[in-house]
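**Q** build the 3D model from these lines:
(chains A and B)
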Number of protein chains: 2
Amino acid sequence: MGGIRIVRKTSEMQSLSSKVKREGRTIGFVPTMGYLHDGHLSLMRRARKDNDLVVLSIFVNPIQFGPHEDYKKYPRDFKKDERLAKGAGVDVLFYPAVKEVYPDGYSTYVEVDTLSNVLCGASRPGHFKGVTTVVAKLFNIVQPDKAYFGQKDAQQTIIIKKMVSDLNIGLKIKVMPIVREEDGLAMSSRNIYLSVEERRDAAVLFSSLQEAVDMIKSGEIISSRVISRIRDMIGEKKTARIDYVTIVDPLTLKGVKRISGAVLIALAVWAGKTRLIDNMVVYG
Amino acid sequence: MGGIRIVRKTSEMQSLSSKVKREGRTIGFVPTMGYLHDGHLSLMRRARKDNDLVVLSIFVNPIQFGPHEDYKKYPRDFKKDERLAKGAGVDVLFYPAVKEVYPDGYSTYVEVDTLSNVLCGASRPGHFKGVTTVVAKLFNIVQPDKAYFGQKDAQQTIIIKKMVSDLNIGLKIKVMPIVREEDGLAMSSRNIYLSVEERRDAAVLFSSLQEAVDMIKSGEIISSRVISRIRDMIGEKKTARIDYVTIVDPLTLKGVKRISGAVLIALAVWAGKTRLIDNMVVYG
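**A** Predicted coordinates:
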């Protein structure tokens, strides 16, 4: 195994990928904002298994953050990320500057209507437009055969799959399971923001989802009852404040009143100033 | 030379193109709405000269027409188009149905801000969003090395170039000169709508543009004087009604008051119920 190649220019990344494609080799792509954790690593390892070349991108995408969100303080540690990527078998680390991705006068946006305006999209206007725009760009630059995303960002995966299908982008989206801490908290680069108390209380996201799944598996079919139970459990934690708790169709993200077939239970919770999300898919 | 292959399915077109690319052959692409004229043919002939495989698409794109525009009555003649395409050396004619391009629940759009809201975009809200969306899709399906557009749709070419650059789409846009009738009227599928009188008057689009170029070449640098002269000439024609006449920067489409360097003189004129456009680039 050779070293990892770091690419900072779009044109260099694009011609490297074009060359690999012309040679008939496959490209697996893991787009991230860096500050890598075991969730990201599971994507890279899977990409390594499935493809000839593995490309990881690290880019904290300014246009997916709202004006009062944490773009500036989003955690960054390139040296550690590089070491972790190397260990996971990544061949190319694409690490462009903001001006390389959005030069002066940049003005093109990709948007998935409807799906982008609910759940996290309702709390974070413009967020998913920023996500789909940068992901469309990265797909054109990296030209992957397969791209890997984490189930933790359930709505993001649904929106990106829709974009790929609608725009006829010639690649496969692979969604990998949520990787969790010992107490069940979904891994997230933002967990580092949490105080000791917030961190302890944050385990309720997982435990309340588990309780919801248990209720549904035991025969509960009325969404509002399941949602109430989740809200009650989170309400007991002093440092937690609910943004939303919802049960939706996992394809359309439309609210489900009576559970039958697959549903997505999704929630977003403020732990102090940190917004955490989690979800589970269950078959009612 | 073999026959022309007609492809109606997106997946078939996409895998055909993927195969050609893997073989290291180049693809030239001419996207059209059909009802082909000599302007289109000049694009196909150039594509034939530059590439191993030439793909023509014929698709009257509903989402680039406004609710009161001519989508339904837009002229169509597939058999004639097929014959003309064959004669121009086209290898593949991609001719998808509307439901193939926009399946039920379609919801992804590509938009170029700013450039899309002026000139024709001001008169036709949503038009360029429809254009950029379908062109982005067609590029993903056909995967061309080069795509050919006519200078008649000057704003369209500028917006598509911007989209390609902003979204890092890996292809070259080639813009070919306007092809004109004997009296100077720019060729357009919509010219067939014109009555005899409207057709006669429509020559003023070209003659007024020529007059404007002469003024600038003779030293006129005040845009408003040039625009007045154009408006006066068009005003003399009974069947012509001006939508806009403007002199702009050919990259930014921003209005130019004093002419120095390259400018785009662009106009749109109603001839009865038919909207005609024309333009010239001149160096002041």
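
**Q** can you classify residue A:148 by secondary structure?
**A** Under DSSP: H, G, I helix; E, B strand; the rest coil, residue A:148 falls in the strand class.

**Q** can you check residue A:90 too?
**A** coil.

**Q** so who does it touch?
**A** A:4, A:30, A:44, A:48, A:54-56 (CB atoms under 8 Å, 6 or more residues apart in numbering or on different chains). C-betas here are computed from N, CA, C, even on glycine.

**Q** what's the answer for residue A:219, then?
**A** Residue A:219 neighbours (CB under 8 Å, 6+ apart): none.

**Q** still on that earlier bit, which among the contacts of residue A:90 gets closest to chain B?
**A** residue A:55 (14.2 Å; CB to the nearest CB).

**Q** got the domain ranges for chain A?
**A** What automatic domain parsing lists as the domains of chain A is A:5-176, A:189-283.

**Q** tell me the average confidence for the first one?
**A** The average of the pLDDT scores along domain A:5-176 is 97.

**Q** what separates it from the chain centre, distance-wise?
**A** 9 Å (CA atoms, centre = their mean, to the nearest Å).

**Q** same question for stretch A:172-192.
**A** Distance, centroid of stretch A:172-192 to centroid of chain: 9 Å (CA atoms, centre = their mean).

**Q** is chain B contacted by that stretch?
**A** No: Stretch A:172-192 lies out of reach of chain B by CB under 8 Å from any CB of the partner chain, never closer than 13.2 Å.

**Q** dump that stretch to CSV, keeping only the CA atoms.
**A** Output of stretch A:172-192 as CSV, limited to C-alpha atoms (Å, rounded to 0.1, in the frame of the first residue of the first chain):
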residue,chain,number,x,y,z
LYS,A,172,-24.8,4.4,-6.6
ILE,A,173,-25.5,5.8,-3.1
LYS,A,174,-24.6,3.4,-0.3
VAL,A,175,-26.0,4.2,3.2
MET,A,176,-24.2,2.6,6.1
PRO,A,177,-25.6,2.1,9.7
ILE,A,178,-25.2,4.6,12.5
VAL,A,179,-22.2,4.0,14.6
ARG,A,180,-22.8,4.6,18.3
GLU,A,181,-20.9,5.3,21.5
GLU,A,182,-21.2,2.8,24.4
ASP,A,183,-24.3,4.5,25.8
GLY,A,184,-25.9,4.6,22.4
LEU,A,185,-25.2,8.2,21.5
ALA,A,186,-24.8,8.4,17.7
MET,A,187,-21.3,9.4,16.8
SER,A,188,-21.0,13.0,15.5
SER,A,189,-18.2,15.5,15.1
ARG,A,190,-20.4,17.9,17.1
ASN,A,191,-20.4,15.7,20.3
ILE,A,192,-17.2,17.4,21.3
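
**Q** before we move on, back to that, export the domains of chain A to TSV and tack on distance to residue B:172?
**A** Output for those, formatted as TSV (distance: least, CB to CB, whole Å):
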stretch	distance to residue B:172
domain A:5-176	13
domain A:189-283	38
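
**Q** need the winner for burial among those.
**A** domain A:5-176 (a mean of 19; mean count of other CB atoms under 10 Å in any protein chain shown).

**Q** and that one, end to end?
**A** Distance across domain A:5-176, first residue to last, is 25 Å (CA to CA, to the nearest Å).

**Q** can you list the residues of chain A near chain B?
**A** Residues of chain A lying near chain B (CB under 8 Å from any CB): A:10, A:14, A:18, A:21-22, A:24, A:106-115, A:132, A:136-137, A:140-141, A:143, A:162-163, A:166-170.

**Q** just the ones of those residues in strands?
**A** The strands, defined by DSSP state E, take in A:108-112 from those.

**Q** and the helices in chain A?
**A** A:10-22, A:38-50, A:78-87, A:98-101, A:120-123, A:127-142, A:154-166, A:196-201, A:203-217, A:223-235 (DSSP state H).

**Q** nearest to residue B:66, of the domains of chain A?
**A** Residue B:66 sits nearest to domain A:5-176 of all those, at 18.3 Å, using CB to CB.

**Q** could you find the closest non-adjacent residue to the residue of the stretch 151-284 of chain A found nearest chain B?
**A** Chain B sits closest to residue A:166 of the stretch 151-284 of chain A, with a gap of 3.5 Å, by CB to the nearest CB. Sequence neighbours aside, residue B:108 is the residue nearest to residue A:166 in space, at 3.5 Å (criterion: CB to CB, 6 or more residues apart in numbering or on different chains).

**Q** now residue A:281
**A** The spatially closest residue to residue A:281, leaving aside those adjacent along the chain, is residue A:264, at 5.4 Å (CB to CB, 6+ apart).
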